[in-house]
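**Student:** pasting the sequence and the predicted model now:
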Number of protein chains: 4
Amino acid sequence: MPNDMDQTTDVFSRRESNARSYCRAIPALFNRASGSELFDADGNRYIDFLAGCSSLNYGHNDPDMKDALIAHIAGDGVAQGLDMHTDAKQSFLAAFDECILKPRAMDHRVMFTGPTGANAVEAAMKIARKSTGRTNIVAFTNGFHGVTMGALAATGNGYHRSGAAMDTSGVTRLPYDDYAKGVDSAELLEQMLADPSGGVDAPAAIILETVQGEGGLNAASDDWLRRIERIARDHGALLIIDDIQAGCGRSGRFFSFEKAGLNPDLITMAKSISGFGLPMALVLVRPEHDVFGPAEHNGTFRGNTHAFVTATAAIRKFWADDRFERELELKSERLTLNLQKIADLLPGARVKGRGMMKGVDVGSGELAGAICARAFELGLIVETSGAHDEVVKILAPLTTPEPLFDEGFGMLGQAVRDVSTGMRTAAE
Amino acid sequence: MPNDMDQTTDVFSRRESNARSYCRAIPALFNRASGSELFDADGNRYIDFLAGCSSLNYGHNDPDMKDALIAHIAGDGVAQGLDMHTDAKQSFLAAFDECILKPRAMDHRVMFTGPTGANAVEAAMKIARKSTGRTNIVAFTNGFHGVTMGALAATGNGYHRSGAAMDTSGVTRLPYDDYAKGVDSAELLEQMLADPSGGVDAPAAIILETVQGEGGLNAASDDWLRRIERIARDHGALLIIDDIQAGCGRSGRFFSFEKAGLNPDLITMAKSISGFGLPMALVLVRPEHDVFGPAEHNGTFRGNTHAFVTATAAIRKFWADDRFERELELKSERLTLNLQKIADLLPGARVKGRGMMKGVDVGSGELAGAICARAFELGLIVETSGAHDEVVKILAPLTTPEPLFDEGFGMLGQAVRDVSTGMRTAAE
Amino acid sequence: MPNDMDQTTDVFSRRESNARSYCRAIPALFNRASGSELFDADGNRYIDFLAGCSSLNYGHNDPDMKDALIAHIAGDGVAQGLDMHTDAKQSFLAAFDECILKPRAMDHRVMFTGPTGANAVEAAMKIARKSTGRTNIVAFTNGFHGVTMGALAATGNGYHRSGAAMDTSGVTRLPYDDYAKGVDSAELLEQMLADPSGGVDAPAAIILETVQGEGGLNAASDDWLRRIERIARDHGALLIIDDIQAGCGRSGRFFSFEKAGLNPDLITMAKSISGFGLPMALVLVRPEHDVFGPAEHNGTFRGNTHAFVTATAAIRKFWADDRFERELELKSERLTLNLQKIADLLPGARVKGRGMMKGVDVGSGELAGAICARAFELGLIVETSGAHDEVVKILAPLTTPEPLFDEGFGMLGQAVRDVSTGMRTAAE
Amino acid sequence: MPNDMDQTTDVFSRRESNARSYCRAIPALFNRASGSELFDADGNRYIDFLAGCSSLNYGHNDPDMKDALIAHIAGDGVAQGLDMHTDAKQSFLAAFDECILKPRAMDHRVMFTGPTGANAVEAAMKIARKSTGRTNIVAFTNGFHGVTMGALAATGNGYHRSGAAMDTSGVTRLPYDDYAKGVDSAELLEQMLADPSGGVDAPAAIILETVQGEGGLNAASDDWLRRIERIARDHGALLIIDDIQAGCGRSGRFFSFEKAGLNPDLITMAKSISGFGLPMALVLVRPEHDVFGPAEHNGTFRGNTHAFVTATAAIRKFWADDRFERELELKSERLTLNLQKIADLLPGARVKGRGMMKGVDVGSGELAGAICARAFELGLIVETSGAHDEVVKILAPLTTPEPLFDEGFGMLGQAVRDVSTGMRTAAE
């Protein structure tokens, strides 16, 4: 672990806002990254099981994307193209059309929003409201959709909600799948919507993540998802799948809703869509709901051409055929096995999640935090999730080679054992 | 002008959302850019008087920033660092501290928000509300602050407001400086706030642009700005200067409020802060209002390290001393002279704006649009602004060399003459 | 049935707004009323099982209240006293203190609001928000609390909600007791409130009716009510019991929550509080939440002195001891027996409600409406309730003498048989 | 002055909410009232220049209304008629049609709302929103429209606004006529509405009082009112005149907008509409905006039949011809003369208001309060108004006989002299 942070972090403590966060739990000064590894200024090496919160699904500095990007910059390629046509955007659209949309028989249009996930969510919510002429949007317990005011209304997390310091509006909250014991939340939603006195206004949209990444790796069942889609259709509401964290292969398929066979009206994408960790966000919208006029939802950085370059490379490299998806199936099983071993070390712990976004609910935020802190000391970057931060969440790059994967899990197992021992010792 | 757009734009028309905008008025497919010039796929060259809407204040692909960025990427520098400490962020903070904050005796902290201007505005509004415990925010006619729901409440433009398809809340609208004949809007604001029955709730903040870029290049007087700051102080409200378009030298100084001598509580920055057109946004916040807890306002792309690299290069290159500022003074005068010549061609036209964000109000959006369209045909990219798009707005790179500047104005003058002739001919 | 309505209703159809309602289903021109009987201009007599929607719990023109009121008016007693002290208000407060509050060991203060139930609900919601510093209020499916904007947010009925023609805010909707099969809604509420990511902001209050009069005579169990009170306490929320329809003896006790043993922080009263059907409304508020400053919630008609005169007479006549309550117990049983007989005539019908607010769910609004329409022809005034108007609701004056009660049920039984026969005939 | 209040007010202090207000400044226990006089329990007599805040325009217990009401009650007339047809409502509609609407060529329909002014305002705002499909409503500085959440959004008074303890929504605030020096507020409103970037959403309605009773007796000019009406028409907004305080003759005509010749789309009435101080409220709505369905805006006490009886008597007695109006003209002049004499006693004081709602702005709330307190000691009930309570407001019954009128002004003059002397003495 680096121990000259006092000096190196000086300007951070003097000048960076208190809002900074990851740097507190992960107190290193990083200067280099490659694949699934990060390096700090002291030359320490870390295995990265966080992957930029799933924005680095293909790892750091993928060599093909890197080459493409350097070539683009060196050749004076456009960096910032507003929403003008550029060759980079054209190539991206062609690749996305060919490798992603067409093979899935999706007729969605691509809307380039401001390059943050929250901006894509805001755009999707606005589209749903404009297209339906309604305002209410149904969102779920533990959903996370961003912290700008429109998106925050849909976000369940109370800490983030309180940051608004005012009421949010336009969203009705329902329990997520399997949230409350004995409650069939799809049935409850259907009943409340069908009831003329149910007090839930006819919704413009239902927004959800198929796997709640921030909310604790809660994975909805395919059946529940399909019933929610049916409810949306029956009640004239659009279905918005927020695939910002679960998309781009994280769940095992390119889109997280493919397994359940959904056909969402609106899909939000960000995080790993650029492939390289560069800011980029999209809303995929079915043509009949492509209702915004020119620049009605605008923003300066909708044409981050560097991101288009790497995104194109990522799509052509990983999604031109189904090899990567099949690979992910095996990796997902390997992840479950490794996580089960971790869970077995802790009484009451259980494996949660789906595909390559899984974790272990260890029962308390304190314990999960201690495990991650110890893991960092051992050279592994891993984070918690969930309402009480009670889940040790694995978001390793999807491309992590087996040896590194195993090495990372070795560290994690060690961390769990160390923390357990420490707790037993402390208790004695 | 390219004439094979039918083919090249095929994937755009098939797959890009109707929300696309600039590409309609500027129907070229760009593939290369350098300094103040853009090139399309057919090899046509355009002089750029739009500069990515002021996000390319130092022009396209500045060689020093380009070298720094390529070196960073080639060396496997971190691309996406969440809000962890990276050497790139450290260097940026050091440069910003040294060249920008310290020389201006500013004690502000730097909050890295999601990399869009709207996100910075949302963060600033949330901070003001949290810090004051109030919710109302005073904004002005013709203000533009972004289109996510929180920011959109402050934005005056009705077209963008209607995109929300629901009511926005938490904002009171007042007339901007010199908006209504005979109305001293600072005095009106003071009277309404001081009046216990004025019906304007005690505000958390007053938000404004010192020059309204989208709103028609309306430049507030120094006196009005100082009185608004005084009103904010007197009524316990924070002063938020939205310097997203007018900052980074566009007004003639690094910050647009320096001339009036303001000391805003919160400053939003985006557009040209990265120097290279890469997505990056900041809120500068006075320490006593740095009230967010860790990650209370979060977002994946707060650590766009590529942008930090170019931002650092930009600051050290242009703002280490006052040479660039002095240069801008001369350029600003030259801009006024050139614009006055344009205005003289059109009866009733008048020059508006301040520093390097000036334009000519030609009286109607139709005329302004025709001029810009003709200019594009002649090889000049220039856009309109204002409530009726009635202002031909010049946002040339601040670094535009004199010959290019003059060449661009030659094209613009030609466009004005061509359009005037066409209109006279049509009228006959 | 009157058949000269064309003439008599002329001015109604010409000059009264379309918003008029009861007069459509009950097309008579009434001119006299006494006890449980109404008379129209043609001399027809009707038994009243509607009782001004429970605002005439002691029947029409109770002779003792009538005498007191005439004496007051004849003696030039104050009619309108704003919120000044009057002898009439003093007498009311003394009687209410002595007969209602003291015997129940209630320390509540009496707030005279504008004389509508909705106004009392608005006041209670404002008090809860001011006292707690929170804004969210939990309300339930099928709750009805009035149609002014604050109260309407809590009202579940979609028809009324749509009358706002804009979004209401500040309320979270949860399922009422026994609303959804298998859902323990108190447990669900507790889980969502306890969950830091549950997405339900900490509430200022939980508002509910113990029996939902408009919502279909859904009666919450004592256990559920006590658990909701416990949840309110645990989460720092006030408990508001809206006793506008169920109070003043309608449920069998003076307050509807007495049976469950609740001690609400805020209680709203209206309808029968004046005893005579005169406009009057109250909020009872525990001293620690009596947070409004003088006239902070004001209104011209808070001092409807005529209502105070009859209210005093009503309280002293019916609530000085427990005789009336014991009488109601027997009447309630008699009501159930009579309703069960009605229910037995209709396959699938079931008796609902509690105390003297019970009815028969006949399965469809069409059938319930037909029964009420036929009953009116036979001389009985009775109305429907419920989300689909599917419940034939009996709100007879609590003072209805047995013979009239039986006569009324005779008419209702006849109506049911006539309608059933008609339906069978039509089906054949 | 009564000095046994300790005993008599005991139950008030123990049991009445802190929200009580007038009883603090006017600490008597009233038990009788007639014409323009009130009497307390100790036999003291007071001249009433408050008239139930203009809800007793025809004085207390008008003998004709009183007789009609007693006859109605004695004859078992319906007291509470919901919104069913009653003879009392029919008579009221006929009288209102004949004496008020027809002579003024008004085609408005009468909507009986819940019997409070705020309820009428809520209904009018909802109608405007439903009819136009818009939500924004323009209201003015110092406007007072009630304190339920919908109406409160339009009310300017900050003390009342803060009672909501949450944000209100849907209203844009503009300066009233002659509010700010040099500001033509109609022109400002027109400019902001006409400006596509003015940031004021297209309004459903503009709501205003022609004379602001609570706001300090600010009387709008006829020209301003007509321009506002024109602006409403031009921008597709309805014009709502809130005539709750200024209506029923208070301004000199039956409706306060008659002098300016307006034809409002919606008119709210309450206070003196019943003539006797009984709770009653109306919305007059032009047929094309009579858009509510049956009971879409409902409420239990819309059929306060007692109020209909006295209202009918009042209309037939005072408004069957123009004699009363002509009388009011003379009285209004007499009021001005008397007020000017009062104003002459105080340096800087000035007479404000219109018709029979005038007052003297004495420059400070402290002074105005002292004058009213001394007047009460002398036997005159009079109150303050205005943002700072700086206006001594005269709302004497319109029927006050000259001797009483003069006697009251004698007391007021004495109070002013006493307070002035006291202040001079204290200053010495």
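**Tutor:** Okay, I see it. Numbering: from 1, shown residues only, chains lettered A, B, ... in the order given.

**Student:** would you map out the domains in chain A?
**Tutor:** According to automatic domain parsing, chain A comprises the domains A:7-62+A:324-427, A:77-318.

**Student:** who's in contact with residue A:298?
**Tutor:** Residue A:298 makes contact with A:83, B:19, B:21, B:147, B:160, according to Cβ atoms under 8 Å, 6 or more residues apart in numbering or on different chains. Where you see a C-beta, it was placed from the backbone N, CA and C, and this is true even at glycine.

**Student:** so what's residue A:40 closest to, chain neighbours aside?
**Tutor:** Excluding the flanking residues, the one nearest residue A:40 by Cβ to Cβ, 6 or more residues apart in numbering or on different chains is residue A:28, at 4.1 Å.

**Student:** the one you found: neighbour count?
**Tutor:** Counted with other Cβ atoms under 10 Å in any protein chain shown, the neighbours of residue A:28 add up to 23.

**Student:** check the gap between it and residue A:53 for me.
**Tutor:** To residue A:53, residue A:28 is 17 Å away according to Cβ to Cβ, to the nearest Å.

**Student:** quick check: the residue nearest to residue A:40 touching residue A:44?
**Tutor:** Yes: with contact defined as Cβ atoms under 8 Å, residue A:28 counts as touching residue A:44 (6.8 Å).

**Student:** quick revisit: most tightly surrounded among the domains of chain A?
**Tutor:** Using mean count of other Cβ atoms under 10 Å in any protein chain shown, the stretch among the domains of chain A with the largest mean neighbour count is domain A:77-318, at a mean of 24.

**Student:** need the distance between the two termini of that domain.
**Tutor:** From its first residue to its last, domain A:77-318 covers 24 Å (Cα to Cα, to the nearest Å).

**Student:** ditto for stretch A:259-274
**Tutor:** Taking Cα to Cα, the first and last residues of stretch A:259-274 lie 23 Å apart.

**Student:** then stretch A:200-217?
**Tutor:** With Cα to Cα applied, stretch A:200-217 spans 27 Å between its terminal residues.

**Student:** residue closest to the middle of chain A?
**Tutor:** For chain A, the residue sitting closest to the mean C-alpha position, by Cα atoms, centre = their mean, is residue A:245 at 1.4 Å.

**Student:** check contacts around that residue.
**Tutor:** Counting by Cβ under 8 Å, 6+ apart, residue A:245 makes contact with A:53, A:54, A:144, A:209, A:211, A:213, A:214, A:271, A:357.

**Student:** in what helix or strand does residue A:143 lie?
**Tutor:** Residue A:143 belongs to no helix or strand when assigned by DSSP states H and E.

**Student:** quick check on it: phi, psi?
**Tutor:** phi -70, psi 150 (degrees, to the nearest 10).

**Student:** quick one, what contacts it?
**Tutor:** Counting by Cβ under 8 Å, 6+ apart, residue A:143 touches A:154, A:155, A:156, A:176, A:207, A:208, A:209, A:212, A:215, A:242, C:199.

**Student:** rerun that using 6 Å as the cut-off
**Tutor:** Shown in contact with residue A:143 (Cβ atoms under 6 Å, 6 or more residues apart in numbering or on different chains): residue A:156.

**Student:** could you measure from it over to residue C:203?
**Tutor:** Distance, residue A:143 to residue C:203, by Cβ to Cβ: 20 Å.

**Student:** swap in residue A:267?
**Tutor:** Counting by Cβ to Cβ, the gap from residue A:267 to residue C:203 is 34 Å.

**Student:** what of residue A:367?
**Tutor:** Distance, residue A:367 to residue C:203, by Cβ to Cβ: 31 Å.

**Student:** residue A:379 too?
**Tutor:** From residue A:379 to residue C:203 the distance is 46 Å (Cβ to Cβ).

**Student:** with residue A:243 instead?
**Tutor:** From residue A:243 across to residue C:203, the span is 32 Å (Cβ to Cβ).

**Student:** nearest residue to the residue in the stretch 201-350 of chain A positioned nearest to chain C other than its sequence neighbours?
**Tutor:** Ranked by Cβ to the nearest Cβ, the top residue of the stretch 201-350 of chain A for proximity to chain C is residue A:215, at 5.8 Å. In space, not counting the residues next to it along the chain, residue A:215 is nearest to residue A:142; the distance is 3.1 Å by Cβ to Cβ, 6+ apart.

**Student:** let me know the pLDDT of that neighbour.
**Tutor:** Predicted confidence (pLDDT) for residue A:142: 97.
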